[in-house]
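1. pasting the structure only:
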């Protein structure tokens, strides 16, 4: 039989290890996937992806109802409450430049120019890892969206790069945004 002193040390060590592992988890600076912070980083990643800035320039970004920008809202379908994030893509001299990423600022979307995209976390993960592209994702219902579908079909190459942002931006997929 172990001594009470041994048991006391064992419990103290177990508590210390639990606190230490929790502190390490909190020290992980990866934002929650599809959180406001993640969207800010996704905006930066967009601007560092020439296939998006240039490939979605011209006709795609020009279809903005004269506002000078398009809005993309996204969310994780399997997270309670479906908290959305927003990317605002600005027309900068015919280039598609992300000017904002974060919490939703435009509550109402114009679905003739703007997009709402949603998928389960596992599907966002698979698309971000390049396991399949937009055509597969849309055909098999892994990615659902509202917006100008024919326009999206015309920019599949850059759209594939957009889906890869889900994997390029480091994130924590273990919890849902807003939790």
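-> Sure thing, it's come through. Please read all numbers here as calculations on a predicted model, not as lab measurements. Numbering: from 1, shown residues only.
2. Tell me where the model's unsure across this protein.
-> By pLDDT under 70, the weakly predicted segments of the chain are 1-28, 179.
3. ok, which stretches of it are helices?
-> 4-27, 36-47, 50-53, 59-62, 121-128, 134-139, 149-153, 156-168 (DSSP state H).
4. Just the buried positions in the fourth one, please.
-> Within helix 59-62, the residues that qualify as buried are 60, 61, counting by 16 or more other Cβ atoms under 10 Å. All C-beta spots, glycine's among them, are computed from the backbone N, C-alpha and C.
5. Show me what that helix is packed against.
-> Applying 3 or more Cβ pairs under 8 Å, 6 or more residues apart in numbering; DSSP states H and E, one finds that helix 59-62 contacts strand 85-92, strand 95-103.
6. what residues go with each domain of this structure?
-> Using automatic domain parsing, the domain parsing of the chain gives 1-30, 36-168.
7. Please identify the most buried of the ones you listed.
-> domain 36-168 (a mean of 17; mean count of other Cβ atoms under 10 Å).
8. doesn't residue 61 make contact with residue 94?
-> Yes: using Cβ atoms under 8 Å, residue 94 is in contact with residue 61, at 7.1 Å.
9. how far out from the middle of the chain is stretch 30-37?
-> Stretch 30-37 has its C-alpha centroid displaced from the chain centroid by 7 Å (Cα atoms, centre = their mean, to the nearest Å).
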